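> Based on what follows, work out the 3D shape:
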Amino acid sequence: MTGYVVAIDQGTTSTRAVVVDHDGQIVSSGQLEHEQILPRAGWVEHDPMEIWGNTREVIGTALSRASLTRHDIAAVGITNQRETTVVWDRATGRPVHNAIVWQDTRTQRICDELARDGGHDRFKDVVGLPLAPYFAGTKLKWLLDNVDGVRDRAEAGELLFGTVDTWLLWNLTGGPDGGVHVTDVTNASRTLFMDLRTCRWDEEILDVFGVPRSMLPEIRSSSEPYGVVHGSQLLRETPVSGILGDQHAATFGQVGFEPGAAKNTYGTGNFLMVNTGEEVVRSEHGLLSTVCYQLEGQPPVYALEGSIAVTGSLVQWLRDQLGIITTAPEVEKLAEQVEDNGGVYFVPAFSGLFAPYWRGDARGAIVGLTRYANRSHLARAALEATAFQSREVLDAVNADAEVELTELRVDGGMVANDALMQFQADILGIPVVRPAIIETTALGAAYAAGLAVGFWEDLAELSQKWREDRRWEPAMEAGERDRQLRLWRKAVTRTFDWVDDDVR
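Sure thing, here's the model as predicted:
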């Protein structure tokens, strides 16, 4: 088959459009960063209009670089930073406030108030998630409760809510002129509002949060036609037919279709996801139960997920806040100037600690400093923090799963860092495997969109496209691994109980 699929990969720091051919190869792309708005400590926002403008621009860039037009494109898929929350006017398309980003911690007090009746696991049996600032539901409640006029307008039916997938789909398909207000099951499963078993909004939870049902998008599968691109846009009349939250898309792009398949994505944060089949598996060790994906007309497939808030964004912090590097790739060269971390451990709890701890009261800490430590040790400790956090999540997966993982497939930008991948294999004690195409998030969105329109026939065809690029085998002695993990876990405890009520 000839033709291509376009995937829109809307991430925490940038927006990309990727053109994928029938062989699953990326033939062109366009990318733009957007502003990280930091109004106060713990608050992270994005401008939804900037993201929408960047989306249109990167689509044009990707098409022009491949010398393609809309007539060459079979379908459009969307993948997105998941829990980031947007509320906008259905008549004008204007947001009522900046988007509140998944990393934002301003809603900890809301979580604590809701937890007074039933604890932080109050809704977990229904939605698979604890009460935490990470998820979209508390962010929406904050907007309703704190932005002037928003609750009244929402109750009058004037406002719409969505995660970024919904915001982009609505604009692509017409916006105020008939835009489709839809999300998929993976993104809906990150709101605190969706019943995992029925894949429908839970009315009782909405009432507890005080959220008008009229604001919420329709929940659909991850792979089906939702609408066509509207009006004079470059991709006009092209079907939009795939939506997956970014980590679900990466699992799909890694062809993790069978129960037990696992991947770890190294991006702004790290996210390890394990396919559990058509069964909702409840974690006893700090993991999240979530929808992995759903194909049109088929039952949902579920997953366990370990979410880590800060990994790649820690490198960005070294670059932008401390200025010890000027580009992200420099961190590897800097770290390689020393043989080890010099006793320095960096726990980047900038947004609290996610899996497996779920400690909203934690904040970042650098421990083990002596006069011997220099910026190379700090760079190495920052990279190692990614591997240590992933080890703790993998331990939780092994504790919850019936069969321990024997290798880990990895993807995302940081897997180009060979030193990090070797340390990851060392600290895990199992092989780490990188695919030939590491941009699996965009690839997963393309696969979902292409399946829905017959561009690809089925999952079996997609599975045949996966290829291994490189494998790292563990080389660290068991005793040294245990020592490093013991010191890391000691460092983690130093971040607990930092945030008091008077400094939130």
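> Just the buried residues of stretch 63-83, please?
For stretch 63-83, a neighbour-count test (16 or more other C-beta atoms under 10 Å) marks 63, 66, 68, 70, 73-83 as buried. Glycine gets a C-beta too; all of them are placed from N, C-alpha and C.
> Counting only helices, which of those make the cut?
Per DSSP state H, helices hold the following members of those: residue 63.
> and which of the buried residues of stretch 63-83 is nearest to residue 336?
The shortest approach to residue 336 among those belongs to residue 81, at 30.7 Å (C-beta to C-beta).
> Enumerate every residue touching the closest one.
10, 11, 12, 101, 102, 164, 246, 268 (C-beta atoms under 8 Å, 6 or more residues apart in numbering).
> neighbour-wise, which of those residues leads?
Using other C-beta atoms under 10 Å as the neighbour test, the contacts of residue 81 are led by residue 164, with 33 neighbours.
> What separation is there between that residue and residue 439?
Applying C-beta to C-beta, to the nearest Å, the value for residue 164 to residue 439 is 18 Å.
> Can you pull out the low-pLDDT segments for this structure?
For the chain, residues meeting the criterion pLDDT under 70 lie at 1-2, 403, 501-504.
> Please report phi then psi for the residue lying closest to residue 181 once chain neighbours are set aside.
Leaving out its chain neighbours, the residue that sits closest to residue 181 by C-beta to C-beta, 6 or more residues apart in numbering is residue 217, at 4.7 Å. Backbone torsions of residue 217, given as degrees, to the nearest 10, read phi -80, psi 160.
> Helices of the stretch 301-450 of the chain, residue ranges please.
312-317, 330-335, 375-400, 418-428, 440-452 (DSSP state H, counting those that start in this stretch).
> List the ones among the buried residues of stretch 63-83 that fall in strands.
73, 74, 75, 76, 77, 78, 79, 80 (DSSP state E).
> Dump the residues you listed to TSV, plus distance to residue 458.
TSV is the format used below for these (distance: C-beta to C-beta, whole Å):
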residue	distance to residue 458
73	21
74	16
75	16
76	20
77	17
78	21
79	20
80	25
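> out of these, what pair is the most spread apart?
74 and 80 (20.8 Å).
> helix or strand for residue 31, which one?
Using DSSP states H and E, residue 31 sits in strand 26-33.
> now the helix or strand that that strand is followed by, how far from the centre of its chain.
Note on strand 26-33: by DSSP H and E, the next helix or strand toward the C-terminus is strand 45-46. Here the centre of strand 45-46 is set off from its chain's centre by 15 Å, with C-alpha atoms, centre = their mean, to the nearest Å.
> likewise stretch 426-435?
Chain-centre distance of stretch 426-435: 21 Å, with C-alpha atoms, centre = their mean.
> Go ahead and confirm residue 120 touches residue 108.
No - using C-beta atoms under 8 Å as the test, residue 120 is too far from residue 108 to be in contact (10.7 Å).
> Neighbour count for the two, which is higher?
Each of residue 120 and residue 108 has its neighbours counted (other C-beta under 10 Å); residue 108 has more, 20 against 16.
> residues contacting that one?
Contacts for residue 108 (C-beta under 8 Å, 6+ apart) come out as 133, 352, 360, 361, 499, 504.
> Test my guess that the third one contacts residue 109.
Spelled out, that is residue 360. No - using C-beta under 8 Å, residue 360 is not in contact with residue 109, being 9.6 Å away.
> Looking at these two now, which is surrounded by more residues?
Taking other C-beta under 10 Å, residue 360 and residue 109 do not tie; residue 360 has more neighbours (26 against 15).
> Provide a list of residues in contact with that one.
Residue 360 makes contact with 105, 108, 111, 132, 133, 352, 499, according to C-beta under 8 Å, 6+ apart.
> Spell out, range by range, the strands that occur in the stretch 401-504 of the chain.
408-411, 432-435, 468-472 (DSSP state E, counting those that start in this stretch).
> Indicate each strand paired with the last one and its parallel or antiparallel sense.
Partners of strand 468-472 in the sheet, by DSSP bridges, are strand 432-435 (antiparallel).
> So which residues lie in contact with the partner strand, not counting its own?
254, 407-411, 415, 421, 424-425, 466-472.
> how about the CA coordinates for stretch 291-307, as PDB?
Output of stretch 291-307 as PDB, limited to C-alpha atoms (Å, rounded to 0.1, in the frame of the first residue of the first chain):
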ATOM      1  CA  VAL A 291      -6.200   1.200  30.200                       C
ATOM      2  CA  CYS A 292      -3.400   0.200  27.900                       C
ATOM      3  CA  TYR A 293      -5.400   0.600  24.600                       C
ATOM      4  CA  GLN A 294      -8.700  -0.400  23.000                       C
ATOM      5  CA  LEU A 295      -9.400  -1.100  19.400                       C
ATOM      6  CA  GLU A 296     -12.800  -0.300  17.900                       C
ATOM      7  CA  GLY A 297     -15.400  -3.000  18.700                       C
ATOM      8  CA  GLN A 298     -13.100  -4.900  21.000                       C
ATOM      9  CA  PRO A 299     -12.700  -5.100  24.800                       C
ATOM     10  CA  PRO A 300     -10.200  -2.800  26.400                       C
ATOM     11  CA  VAL A 301      -6.700  -4.000  27.200                       C
ATOM     12  CA  TYR A 302      -5.400  -3.000  30.600                       C
ATOM     13  CA  ALA A 303      -2.000  -2.300  32.100                       C
ATOM     14  CA  LEU A 304       0.000  -1.700  35.200                       C
ATOM     15  CA  GLU A 305       2.000   1.500  35.100                       C
ATOM     16  CA  GLY A 306       4.800   2.900  37.200                       C
ATOM     17  CA  SER A 307       5.000   6.700  36.700                       C
END
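> Begin at 708, not 1, for the rest of this chat.
In the new count, where the first residue is 708, that last one comes out as stretch 998-1014.
> for it, the distance to its chain's centre please.
15 Å.
> contacting residues for the nearest residue in space to residue 1118 that is not next to it in sequence?
Counting by C-beta to C-beta, 6+ apart, residue 1118 lies nearest to residue 1147, which is 4.2 Å off, once chain neighbours are set aside. For residue 1147, the contact set (C-beta under 8 Å, 6+ apart) comprises 956, 957, 959, 960, 961, 970, 972, 1118, 1119.
> How many residues are close by the last one?
Just to be clear, that refers to residue 1119. The number of residues packed around residue 1119, counting by other C-beta under 10 Å, is 25.
> Next: the first one.
Residue 956 is flanked by 32 other residues according to other C-beta under 10 Å.
> wait, isn't it in contact with residue 1149?
Yes - under the criterion of C-beta under 8 Å, residue 956 makes contact with residue 1149 at 7.5 Å.
> Overlap of the contact sets of these two?
Shared contacts of residue 956 and residue 1149, counting by C-beta under 8 Å, 6+ apart, come down to 716, 786.
> can you tell me which two in the contacts of residue 1147 are farthest apart?
Spatially, the most separated pair among those is 959 and 1119, at 14.2 Å (C-beta to C-beta).
> all helices for the stretch 858-1007 of the chain, in order.
871-879, 892-895, 910-916, 953-960.
> In CSV, list those helices along with distance to residue 1017.
What follows is those, written out as CSV (distance: least, C-beta to C-beta, whole Å):
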stretch, distance to residue 1017
helix 871-879, 20
helix 892-895, 22
helix 910-916, 27
helix 953-960, 15
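> and the ones you listed, which is most packed in?
Of all the helices of the stretch 858-1007 of the chain, helix 953-960 carries the top mean neighbour count, a mean of 32, counting by mean count of other C-beta atoms under 10 Å.
> contacting residues for the residue nearest to residue 1170 when sequence neighbours are not counted?
Spatial nearest neighbour of residue 1170, excluding adjacent residues (C-beta to C-beta, 6+ apart): residue 962 at 4.6 Å. Neighbouring residues of residue 962 by C-beta under 8 Å, 6+ apart: 968, 1166, 1169, 1170, 1172, 1173.
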